[in-house]
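1. Structure, please.
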Amino acid sequence: MFNSQLTVFVCVADRGSFTKAAESLYISPTAVMKQINSLENHLNLKLLERTPQGVHLTPSGEIIYKDAKFLFDYSKHSIENARQAMQVREASFCVGTSILNPAKPFMDLWYQIIQDANLNEFLNYRLHIVPFEDNHEGILTEISQLGTKFDFLIAVCDSRMWLDKCKMLPLGRYKKMCAVSRNHRLAEKKILNIEDLYGETLMMVKAGDSNINDFLRSDLSKKHPQIQIEDTPHFYDISVFNRCAETMNVLLTIECWQDVHPALVSIPVNWDYSIPYGLLYAIHPSESVLKFVKALENKEITF
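-> Numbering: from 1, shown residues only. Okay, the predicted model is just below:
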């Protein structure tokens, strides 16, 4: 990171002679003198006084010596910082978290992995929790930053638009439920039948992005036309839950979102609809991310 002739110069100054410097540097005294002469010619400065008793720094040499020592220390410190930064990056994972896609399921999974004696290579990894917004207008931008902003998300995902921007390792499924305001006529029910939704407006994502939601929508439209369907954006955010609470509509939701909005009650429905969730990661993952994904594929995970 600096002129190698400075190393020879500092060594000569520290040792007090060309011969002793040559011994330290494992080169000949002639080579040392050539390096010093070349440096002095390059700087157009006399740095050393040659005497029978050895060499001494000139006033100019003292300044160059002091600054060279500073450069050596600074360079060493800079390289060490760079190595530490590389080690932190190589031995850490960034995990995304939001209201609808919290990091806790990843943490539960993580502790199962590191407790496995066969997977103790991950013991020294650090986890950095990175928050992001569930804004329906910006969520695709967030998903596209897997591999840069964060390494992993655990999220519900049946979105073709999401899966165009990331990979997913399936981990399980969540049951579809319905959420209503605490003042709604259905709020006290322990379980709903589809007929309980007759005359209600059911909020659900608009068609075209989720095979599961599209099938459910089609099934309800054909077999239960008494239920009116209201489109929400393709991706839920807190504004969708707010609208449900404010309008007394029914919201199609999932079991992991039961505590998202304090004014809503989530109720199981007597049907078999569910949606997959899994570990999301970059389309072109780093070696360490891929190693972790493969570890999960080979291990039975419980939530």
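
2. So which residues of the stretch 51-200 of the chain form strands?
-> Using DSSP state E, counting those that start in this stretch, the strands of the stretch 51-200 of the chain run over 54-57, 92-97, 126-131, 153-156, 167-181.

3. low-scoring stretches of the stretch 51-200 of the chain, by residue?
-> By pLDDT under 70, the weakly predicted segments of the stretch 51-200 of the chain are 79-90, 117-120.

4. Skip the chain neighbours and tell me the closest residue to residue 277.
-> Residue nearest to residue 277 in three dimensions, not counting chain neighbours: residue 156, with 4.6 Å by CB to CB, 6 or more residues apart in numbering. Yep, even glycine has a C-beta here, placed from its N, CA and C like the rest.

5. Quick test: name the residue nearest the centre of this protein.
-> residue 150 (1.6 Å; CA atoms, centre = their mean).

6. can I see the domain layout of the chain?
-> 4-87, 93-296 (automatic domain parsing).

7. just to revisit the earlier point, tell me the contacts of the residue nearest to the centre of the chain?
-> By CB atoms under 8 Å, 6 or more residues apart in numbering, the contact set of residue 150 is 94-96, 130, 132.

8. now swap in residue 175 and tell me
-> Counted by CB under 8 Å, 6+ apart, residue 175 has contacts 254-255, 268, 273-274.

9. So which of the domains of the chain has the densest surroundings on average?
-> domain 93-296 (a mean of 17; mean count of other CB atoms under 10 Å).

10. gap between that domain and the chain center?
-> In terms of CA atoms, centre = their mean, to the nearest Å, the centre of domain 93-296 is found 19 Å from the chain centre.

11. Let's see the distance spanning it from one end to the other.
-> One end of domain 93-296 to the other measures 15 Å (CA to CA, to the nearest Å).

12. Then stretch 132-148?
-> For stretch 132-148, the first-to-last residue distance is 13 Å (CA to CA).

13. any chance you could map the helices in the stretch 151-300 of the chain?
-> Per DSSP state H, counting those that start in this stretch, the stretch 151-300 of the chain carries helices over the ranges 160-163, 211-223, 238-247, 287-297.

14. Would you quantify the distance from residue 143 to residue 197?
-> Applying CB to CB, to the nearest Å, the value for residue 143 to residue 197 is 31 Å.
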